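Enquirer: Structure, please.
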Amino acid sequence: QYGVRSTQYLNGWGGVRALAFPLLFLFFLIPLPGFVLDFVTVPLKEMVSAAVETLLLAAGYPVERSGVVLAVGGREMLVADACSGLASLTSLFALGLLYLHLTRTGPQWRRVALVLAAIVPIALLANILRVLALVLVTHPFGEEAASGLLHDFAGMLVFVAAFLMLIGFDSLVRGRKKPASDT
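Expert: Have a look, this model is predicted:
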């Protein structure tokens, strides 16, 4: 597939089909308009803050939530637009589609299962865990401890963990191949 002659790309719709994935992948370069960002970001922030509140309450932390502001032990923390998870969701979706494109083995339902059942929930769960970790660092050590390098590192670490969860889910979907028996 990648050893295709360059003249194939000049063959009308056949050439377009050969370049379909790279052309569609370019849509990830187009920034979303502000009204779309607002429409998606606000519910994501609400969901993340509610999930973090639930987890903190289950762990016994004194937490109160007002919209997207969490108050834990006298410290108020805002779940900002950057912590909504939209960037993680978009990035994991792009990386997941690239992964699926490069590993095109197996049935079509595998790709559908990964897109519908794994990418979005994994990205959301990973972002909830990131915000939870930052709140748990901020609670005893203050806002300065959870900002800057630690904040950025947590984002990268959670994204890598989310991608590994996606690969793990894919291996579960594919199932283990049974080794050939020696008879």
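
Enquirer: Next up, the contacts around the spatially most central residue of the chain.
Expert: For the chain, residue 123 is the residue whose C-alpha lies nearest the centre (C-alpha atoms, centre = their mean; 2.8 Å). Counting by C-beta atoms under 8 Å, 6 or more residues apart in numbering, residue 123 touches 85, 88-89, 92-93, 162. Any C-beta I mention is one placed from the backbone N, CA and C, and that applies to glycine too.

Enquirer: how distant is stretch 113-120 from the center of its chain?
Expert: 10 Å (C-alpha atoms, centre = their mean, to the nearest Å).

Enquirer: List the buried residues of stretch 43-59.
Expert: 44-45, 47-53, 55-56 (16 or more other C-beta atoms under 10 Å).

Enquirer: no wait, stretch 74-89
Expert: Going by neighbour count (16+ other C-beta under 10 Å), the buried part of stretch 74-89 is 77, 79, 83-89.

Enquirer: Contacts for that stretch next, please.
Expert: Against stretch 74-89 from outside (C-beta under 8 Å, 6+ apart): 37, 40-42, 44-45, 48-49, 52, 68-71, 120, 123-124, 126-128, 130-131, 134-135, 138-139, 142-143, 155, 158-159, 162.

Enquirer: Buried ones only from the residues you listed, please, as a PyMOL command.
Expert: In PyMOL, this line selects whichever of these come out buried by 16+ other C-beta under 10 Å:
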select buried, resi 40+41+44+45+48+49+52+68+70+123+124+126+127+128+130+131+134+135+138+139+155+158+159+162
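
Enquirer: What about the contacts of stretch 74-89, which are in strands?
Expert: Among those, the members found in strands (DSSP state E) are 69-71.

Enquirer: Looks to me like residue 65 is in a strand.
Expert: Yes: assessed with DSSP: H, G, I helix; E, B strand; the rest coil, residue 65 lies in a strand.
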